[in-house]
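[1] Fold the following, please.
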Amino acid sequence: MQVLLVYTTKTGVTRDIAHMISRKLKTPLCLKCEKDTRAEDLEVFDHVIIGAPLYMGHVRKLMRNFVYKHRDLLKKKHLYMFVVGADHDLDVEKYLRMSFPASVMDHVSVMSHVGGEFRFENASPLGRYIMKTVSEEKMRKDKREVKIKEESIDAFVQGIEHHFKKETDSQD
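    Now for the predicted structure:
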């Protein structure tokens, strides 16, 4: 079983979560940034985990472009997706379906929102301003801290492992 986790990141949060997932998953995987992943790379893998941050209700454009570019290959894979973002009660499926073609989304077995955090030090000046404004608004409205949700990562990994087990059992 060959597994690829491909992610895109702007401030490093999604990359760090991708590494957390790779450590928690019992099955070894290849971890790559979307800009370093080519069609030839995708052909080798049976399972593809896709991770990306949400910005203003959409998956980051680099990952949307990656999925659209490779949609014919991705439709042949077992897919799993996670999103990173500041919202607490996010309808993950709704946002993923808004960002990716239905033909790809129909192949996603497990999806999750794994929280996020604001990393001001890794952002551009405009990005810092936007993050500061959003974080202040979130705290004023919601009173909950924006953070990476380890329990959501654990549930996501368990869902993937369950899917792996079902696939292995059906091959026996």
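[2] tell me the SS of the residue most central in space within the chain?
    Nearest residue to the geometric centre of the chain (Cα atoms, centre = their mean): G51, 2.0 Å. Under DSSP: H, G, I helix; E, B strand; the rest coil, G51 falls in the strand class.
[3] Who are the packing partners of the one helix or strand D72 maps to?
    Secondary structure from DSSP states H and E places D72 in helix 71-74. When contacts are defined as 3 or more Cβ pairs under 8 Å, 6 or more residues apart in numbering; DSSP states H and E, helix 71-74 sits against helix 39-43, helix 102-105. Heads up, the C-betas are built off the backbone N, CA and C, glycines and all.
[4] Relative to V84, which of those is closest?
    Smallest distance to V84 across the helices and strands packed on helix 71-74 (Cβ to Cβ): 18.1 Å, for helix 102-105.
[5] how about the residue nearest to the centre of the chain, what does it touch?
    5-8, 14, 17-18, 21, 81-84 (Cβ atoms under 8 Å, 6 or more residues apart in numbering).
[6] related to what we said a few turns ago, now tabulate the helices and strands packed on helix 71-74 in CSV and tack on mean neighbour count.
    Output for the helices and strands packed on helix 71-74, formatted as CSV (neighbours: other Cβ atoms under 10 Å):
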stretch, mean neighbour count
helix 39-43, 13
helix 102-105, 14
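[7] where does L25 land on pLDDT?
    L25 carries a pLDDT value of 93.
[8] wouldn't it be in contact with I160 here?
    Yes. At 6.5 Å, L25 and I160 qualify as touching, with contact defined as Cβ atoms under 8 Å.
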